[in-house]
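>>> give me a 3D structure for the following:
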Amino acid sequence: MINESLEFIMAGRRQRQRRWVLVTGFLAVLSFILCGAMLLLGSTIYPVKDVFRALTGEQLQGVSFAVNTIRLPRMLAGLFAGFAFGLAGNTFQTMLRNPLANPNVIGITSGSSAAAVFCIIILHTSGGVVSIASVIAGLATVLFIYLLSRGKAFSVGRLILIGIGLQAMLDAMISYLLLVGAQQDIPEALRWLTGSLNGAQMHELPPLVATFFIFAPIVILLGKHLSILELGEQSAASLGIDTDKTRILLIVSSVIMIAVATATTGPIAFVAFLSGPIAKRLVGVGFSNVIPAGLVGVNLVLGGDLIGQFAFAYRYPVGIITGILGAPYLILLLIRMNRKGEL
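Have a look, this model is predicted:
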C-alpha cells in the first residue's frame, strides 16, 4: 500500500516535471523565433543568410546598418527587459501572495519613472544618469512603501493600498514635470513613459545586460525558496528558510532589475503584471515558474513590439499593445478578488 502510494506520488511528480520542461522549452523556442523575427522584419525584409552575415561582421550595403544599428539593439533591449519585467513581477506576486502586488501596481515603476522624467526634463541628462536615478528611486520607493505598511504587523493589503496611493502621487508629479518642462524635452519623456523599444542603441544596453546577468541568477536560484515563502512566514521558517535574508535578496534583486529595465525601455505596461499568472497557468503547480515567467515576459515584449510595428496602419510603441492586453485582465482580476472578499 505504501509502495503504491509512493509510486502514485512519484508518477504525479514526473508528469508535472514533463509539463514544466515542455512549457519552458516551448516558451524558449518561441522567444528564439521572435528574436529572429525582430532581426529579419522591418521596412525591408532581409534573407536569413544576409542577416547572419551582417551579425558575423561582414559589411553588406544597407543590411549591416539596419541589422546591427537598428534591429539588434531593439531586439536585445526587448529580450533582457522582458525577462527582467517577468522575473520581477512574478517575484513580488509570489512572495507577497497577491496578484496585485507587482511593480506596476504598487508604485515601484512609477518611482523609477518619476526619477527618469526628472532627469530628462529638469536635468537634461540621459543614459547612465537616468539608469542610476531610476535604480535609486525604485529602491527608495520600495523602502518607503515597506516602512509605511509595517504598522504593528506587516500587511500585504496595507502595502498594496499604500503603493497604489504613492503611485497616484508619483504619476501626478510626472504630469507636473511634463507641464513645466521645455518643449524640446517633452517628446523624449513621453516616448520613454509610453514604454518603447524605438531608438534603442547598443551603448545604452550594457547596464541592462550587466544587471540582468548579476541579479537574474539570484532570483532563479532562490526560486525554490520563493515557492516556500508563498506558504507563509511560519511555514517557511519551520522549513529552515532565513525568511528575512531571502526576502531582502529577492526584493533588492528584483527592484534593481526592473529599475534598470525601466530606465532602458520605459515602463512597458502590464508585462510584470501578466507574466507570472500566465506562466503559472501554463506550468501548473509543483515546480518553480520563475524561468517560465521571465520567458513569458520576453514573448510579451517582443510579440507586442512586432504587433505594434506591423499589425496596424500606424506603428505603435510596445507599451500601448501590452496595455491593451493587460487592462482587461486587471479589471477581471479585481472583479474576481472582490467576489472572493480579498479586497
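>>> how close does L300 get to G82?
Per CB to CB, to the nearest Å, L300 is found 6 Å from G82. In this view, the C-beta of every residue, glycine as well, is placed from N, C-alpha and C.
>>> can you pull the contacts of the residue nearest to P292 when sequence neighbours are not counted?
In space, and not counting its chain neighbours, P292 is closest to A279: 3.9 Å by CB to CB, 6 or more residues apart in numbering. Contact partners of A279, counting by CB atoms under 8 Å, 6 or more residues apart in numbering, are 86, 90, 289, 292-293, 295-296.
>>> whichever strand or helix holds A279: which residues count as buried?
For A279, the host element (DSSP states H and E) is helix 271-283. By neighbour count on 16 or more other CB atoms under 10 Å, the buried set for helix 271-283 is 271-280, 282-283.
>>> quick check, nearest of these to F118?
A272 (22.0 Å; CB to CB).
>>> quick one on the thing from earlier: out of the contacts of A279, which two sit at the greatest distance?
N90 and L295 (10.9 Å).
>>> more neighbours, those two?
N90 (31 against 27; other CB atoms under 10 Å).
>>> what angle do the helix or strand hosting that one and helix 271-283 make?
Element membership for N90 (DSSP H and E) is helix 72-95. Angle, helix 72-95 to helix 271-283, by axes from the mean of the first three to the mean of the last three CA atoms, to 10 degrees: 70 degrees.
>>> what is the mean pLDDT for helix 72-95?
Helix 72-95 comes out with an average pLDDT of 91.
>>> again with stretch 259-271
On average, stretch 259-271 scores 84.
>>> distance from the chain centre to it, please.
7 Å (CA atoms, centre = their mean, to the nearest Å).
>>> quick one on the thing from earlier: out of the buried residues of helix 271-283, who's nearest R18?
Nearest to R18 among those is V283, at 11.3 Å by CB to CB.
>>> circling back to that earlier point, hey, C-alpha coordinates of the helix or strand immediately after the helix holding N90 in the chain in PDB?
Per DSSP H and E, helix 72-95 leads on to helix 108-121 as the next helix or strand towards the C-terminus. The C-alpha coordinates for helix 108-121 follow below in PDB (Å, rounded to 0.1, in the frame of the first residue of the first chain):
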ATOM      1  CA  ILE A 108       7.800  50.900  -7.900                       C
ATOM      2  CA  THR A 109       7.700  51.500 -11.700                       C
ATOM      3  CA  SER A 110       6.200  55.000 -11.100                       C
ATOM      4  CA  GLY A 111       9.100  55.800  -8.700                       C
ATOM      5  CA  SER A 112      11.600  54.900 -11.300                       C
ATOM      6  CA  SER A 113       9.600  56.700 -14.000                       C
ATOM      7  CA  ALA A 114       9.400  59.900 -12.000                       C
ATOM      8  CA  ALA A 115      13.200  59.900 -11.400                       C
ATOM      9  CA  ALA A 116      13.800  59.300 -15.100                       C
ATOM     10  CA  VAL A 117      11.500  62.100 -16.200                       C
ATOM     11  CA  PHE A 118      13.100  64.500 -13.700                       C
ATOM     12  CA  CYS A 119      16.500  63.700 -15.200                       C
ATOM     13  CA  ILE A 120      15.300  64.100 -18.800                       C
ATOM     14  CA  ILE A 121      13.200  67.300 -18.300                       C
END
